[in-house]
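K.L.:
just a sequence and a predicted model for now, questions to come.
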Amino acid sequence: MSNTVDAGIPVPASAAAVAGPAALVDDGTEDDGPPSVLLTYSINDCSSHSAAFHPSNILHDRPSDQTSRWSSGSNNPPQYILLELETPAIVRRIRFGKYEKQHVCNVKEFEVYGGLKLSNFTHLIRAGLKNDPIPEEFDLPTTVSGVIMPVKYIKVVPLVAWGSRSAPFNFSIWHVALEGVSDPEYVTAKIANFEELQHHEAVRLCLKYFRQRNFPDSFERLQKKTRISLEAPILTDLYTSLVTDGAFANAEQRLLDALNGGVLSEYLSKFKYTPEWTLLRPVREDGTPQDRAETPGMRGGHQMCIDPGSAYVYLFGGWDGRSELGDFWRYSILTNRWVQLSANTEDDNGPDARSCHKMVLDPVNQKLFVLGKYADIRNPEEQPKNELYCYFIKEGKWRCLMYDTAAAGGPDLIYDHQMCFNADANTIYVFGGRKIVQVDAKLFSGLYRYDCSANTWTLLREDRAVGDENVELASRIGHSMLHDGGEGALLIFAGQREKKFLSDFYKYSLSTGEVELVCDDCSKHGGPFPGFTQRATIDLQKREAYVLSGLIKSPDTESTKASKVRNSLWVYDISRNKWYCAYENDNSEPEYWSKMDKVEPCPRFAHQFVYDDMAKTHYLFGGNAGEVQGKHTRLSDFWKLQLNRPTIETIISRCQYLIRRQQFRELCREDPKKAMRFLQTDLSSAVDHSDPEQSREFQALTASLFAARSEPDSAVQKFDERTALFEELITYFPSHMKQPQTNLVDLIKISGDPDELPPPRPR
């Protein structure tokens with residue numbers, strides 16, 4: 001008996017009972033089995049080792065003993081240590097102990113593999129270790145194709161040592177601990193499930209091989225005997241129409257129906273963006289460029305807000321390297337023009353000149369709120385107040401809503417905090433920031449909510465308070481905070497606390513007040529390095545967050561204090577809890593950026609970065625150029641960033657073109673006149689002739705009409721071409737719907753004298 005997953009592919013009943021309606025992909029989901037325990041292992045093998053630095057040293061955690069480590073005898077890949085568990089187990093975590101000091105041989109990057117047999121390993125993770133004395137642990141995926149995978153062996157493969165940039169150092173690992181489930185009854189049942197999955201996948205590999213080799217009788221007999229499907233029914237129908245019958249129009253319609261049915265969402269979500277930077281050059285009404293006096297000047301520590309509905313960007317304040325700024329600007333996206341709304345907002349009953357403040361937009365009521373600032377207090381008796389200002393966009397007027405927020409239960413005067421506006425509840429959330437005047441021995445401000453309708457403040461969480469969920473939320477400065485209206489949560493990421501740069505990530509539930517630690521160090525899981533003034537935006541429709549780097553703790557140096565300005569843009573898939581880097585440029589040479597200053601923005605921090613979620617466009621202004629142009633240099637460049645990746649429409653057009661191209665090629669060999677008509681009509685309509693690459697490819701196809709026919713079209717040639725086309729088309733489908741990626745022949749190991757092997761069977 002078999003249970004059917006969402007794609008209609010039968011899986012073993014026992015596997016389905018464990019996995020539920022899971023996709024046939026690695027998902028890393030932890031099972032609900034017995035609690036984890038420390039697992040016992042021994043050293044099975046290693047690639048090499050130096051002198052007394054035997055791999056057995058890693059069994060002991062002796063951070064003060066410089067000899068208690070495995071050191072490879074070479075840095076030539078592959079280097080590895082192979083751990084053998086006392087009994088098979090579900091390994092959930094791996095922990096690396098370290099030496100008490102930094103060391104050039106410490107592993108910087110590594111991979112971990114697991115398997116039940118020495119002949120078959122599955123890749124589990126690739127991650128990195130810091131060059132410090134603090135132990136680090138990593139979660140390991142425990143499932144494959146939705147089924148829990150027990151292992152007997154763990155292979156740790158070091159890839160890069162921390163000292164490798166200056167010299168080819170060998171690798172050192174000081175201690176390894178494994179955690180997981182070793183309960184014999186539980187693990188034995190999981191081994192049986194996993195082996196049943198292996199048999200199930202072996203049948204699918206055979207089915208794929210029979211079909212690729214055009215053995216239809218063998219394919220049908222095996223499928224009938226096992227009642228195992230190779231793929232989702234819709235793909236089987238596509239294969240029949242395209243490969244077996246050559247019914248191209250029918251195949252195209254079946255494919256379009258499937259692609260329009262939503263199967264592309266997984267493919268598109270995994271497709272990395274390609275960044276496209278554009279330096280904006282604002283113009284006057286007559287089309288001539290605006291000069292410097294007509295646009296915001298150089299600054300950092302300023303604030304920007306965007307109103308996608310009206311297509312305006314607002315900019316206020318900042319620091320130009322000499323003084324605080326109080327000018328207020330509006331940029332029209334539609335006309336590409338800056339307008340100065342105020343040269344000094346204090347003269348218009350607004351806030352005084354300031355930097356390191358925060359500004360948020362109420363798009364419904366058309367208001368801007370400004371809170372906080374940096375203040376250099378030279379007189380200890382000074383007690384500056386934290387004022388809350390509001391700019392009424394329709395009236396074009398400022399008003400001070402509150403002269404002392406602390407007296408009303410709100411935050412003291414703070415800077416480098418974060419604010420978010422919740423339009424549904426008409427509330428503002430303020431988190432973190434450093435207090436200008438230390439109050440009650442507390443340097444950092446907590447989490448507050450401001451009710452715009454009632455004009456009242458509520459303290460939601462003190463700095464470092466631990467709630468019922470037993471999670472501490474430490475306040476910080478220079479962090480990012482986003483309002484996720486989809487989940488009703490605040491997303492809090494990175495920043496700096498005292499001298500420590502952070503890369504942790506929290507979710508705060510607006511309904512329950514609970515805090516969830518999503519990740520204690522995102523840099524270990526494909527995310528940004530610890531950083532300060534990293535700017536974040538969110539797209540609720542795409543369920544994505546974007547983080548533009550600022551000042552980070554350098555990953556390329558052994559110093560724990562070193563920092564650098566870095567150009568990188570990270571994308572966080574909220575639904576899948578996955579990070580990836582969409583853009584990166586590590587160059588910090590001034591000569592390079594003097595040539596590239598009109599191509600892409602130079603690295604910076606204390607900049608502003610806003611997002612138009614309607615036009616799917618980011619805007620970047622100013623900041624501190626740091627080491628690129630000198631630490632006192634502020635910028636005034638204005639950039640537009642668009643993140644491009646294939647759309648559903650472009651993929652559908654591409655698939656149509658591929659199918660029609662194959663039909664054209666077959667017509668060329670059968671009926672050149674008919675092929676010419678097909679080229680000029682059906683095939684031409686599937687080409688974007690404004691795209692130079694597509695246009696060149698289309699023109700090259702015309703040569704097929706005049707090529708000499710060396711031999712008649714054969715059934716084998718048709719089958720091979722159509723099969724290759726089918727396999728190209730199914731790359732757009734989710735993995736759980738299509739045939740296995742692995743090929744049976746790739747798993748076959750041939751030994752012995754090749755001369756004694758039988759000749760291949762003729763086709």
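P.N.:
Received, thanks. Numbers count the residues shown, from 1 in each chain.

K.L.:
and His736, that one's in a helix?
P.N.:
Yes: according to DSSP: H, G, I helix; E, B strand; the rest coil, the state of His736 is that of a helix.

K.L.:
run through the bridge partners of Ile428.
P.N.:
Note on Ile428: beta-bridge partners Phe421, Tyr450, judged by DSSP bridges.

K.L.:
can you list contacts of stretch 69-84?
P.N.:
For stretch 69-84, the surrounding residues in contact (CB atoms under 8 Å, 6 or more residues apart in numbering) are 41-51, 53-55, 57-58, 99, 105, 152-159, 161, 164, 168-176, 178. To be clear about C-beta, it is placed using only N, CA and C from the backbone, and glycine gets the same treatment.

K.L.:
among those, which ones are in helices?
P.N.:
The members of those all map outside helices under DSSP state H.

K.L.:
just the buried ones from those residues?
P.N.:
Among the contacts of stretch 69-84, the ones that count as buried by 16 or more other CB atoms under 10 Å are 41, 43-44, 46-50, 53, 55, 57-58, 99, 105, 152-159, 161, 164, 169-176, 178.

K.L.:
now the element after the lengthiest strand in the chain, going C-ward?
P.N.:
Identified as the longest strand of the chain according to DSSP state E is strand 81-97. Downstream of strand 81-97, the next assigned helix or strand under DSSP states H and E is strand 107-117.

K.L.:
residue ranges for the helices of this structure, please.
P.N.:
Counting by DSSP H, the segments of the chain that form helices are 13-19, 184-212, 216-226, 233-239, 248-258, 264-270, 590-596, 648-670, 672-678, 692-701, 703-706, 715-729.

K.L.:
would you convert these into a markdown table that also reports mean neighbour count and distance to Leu124?
P.N.:
Below are the helices of the chain laid out as a markdown table (neighbours: other CB atoms under 10 Å; distance: least, CB to CB, whole Å):
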| stretch | mean neighbour count | distance to Leu124 |
| --- | --- | --- |
| helix 13-19 | 19 | 18 |
| helix 184-212 | 18 | 15 |
| helix 216-226 | 13 | 30 |
| helix 233-239 | 19 | 29 |
| helix 248-258 | 18 | 33 |
| helix 264-270 | 15 | 19 |
| helix 590-596 | 13 | 38 |
| helix 648-670 | 18 | 31 |
| helix 672-678 | 14 | 50 |
| helix 692-701 | 12 | 39 |
| helix 703-706 | 12 | 47 |
| helix 715-729 | 16 | 28 |
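
K.L.:
sorry, back to before: who does the longest strand of the chain pair up with?
P.N.:
Counting by DSSP bridges, strand 81-97 is paired with strand 41-46 (antiparallel), strand 136-139 (antiparallel), strand 151-161 (antiparallel), strand 175-181 (antiparallel).

K.L.:
check the offset of it from the chain's centre.
P.N.:
Offset of strand 81-97 from its chain centre (CA atoms, centre = their mean, to the nearest Å): 28 Å.

K.L.:
ditto for stretch 364-374
P.N.:
Put simply, stretch 364-374 sits 31 Å off its chain's centre (CA atoms, centre = their mean).

K.L.:
next: stretch 506-513.
P.N.:
Centroid separation between stretch 506-513 and its chain, computed with CA atoms, centre = their mean, is 23 Å.

K.L.:
residues in contact with that stretch?
P.N.:
Taking CB under 8 Å, 6+ apart as the rule, stretch 506-513 contacts 422, 425, 429, 447, 460-461, 467, 471, 473, 484, 487-493, 514-518.

K.L.:
quick one, which of those residues are buried?
P.N.:
422, 429, 447, 460-461, 473, 484, 487, 489-493, 515, 518.

K.L.:
among those residues, which one lies nearest to Ile574?
P.N.:
Nearest to Ile574 among the buried ones among the contacts of stretch 506-513, counting by CB to CB, is Asp484 at 6.9 Å.

K.L.:
ok, the closest one - contacts?
P.N.:
Taking CB under 8 Å, 6+ apart, we find Asp484 in contact with Leu490, Leu491, Lys507, Ile538, Leu540, Ile574.

K.L.:
export those to CSV and tack on distance to Val187 and pLDDT?
P.N.:
Below are those laid out as CSV (distance: CB to CB, whole Å; pLDDT from 0 to 100):
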residue, distance to Val187, pLDDT
Leu490, 40, 97
Leu491, 37, 97
Lys507, 33, 96
Ile538, 42, 97
Leu540, 43, 95
Ile574, 34, 93
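
K.L.:
okay, and the beta partners of Cys400?
P.N.:
In beta-bridge terms (that is, DSSP bridges), Cys400 pairs with Tyr389.

K.L.:
for Leu197, see how far away it is.
P.N.:
Using CB to CB, to the nearest Å, Cys400 is found at 66 Å from Leu197.

K.L.:
please apply the same query to Arg449.
P.N.:
Computed as CB to CB, the Arg449 to Leu197 distance reads 49 Å.

K.L.:
can you list the low-confidence ranges for the stretch 401-550 of the chain?
P.N.:
439-441 (pLDDT under 70).

K.L.:
what do you get for the chain?
P.N.:
1-31, 164-166, 380, 439-441, 553-563, 627-632, 707-713, 751-763.

K.L.:
OK, contacts around Gln608?
P.N.:
Contacts of Gln608 by CB under 8 Å, 6+ apart are His302, Gln303, Met304, Leu315, Arg535, Leu620, Phe621, Gly622, Gly623.
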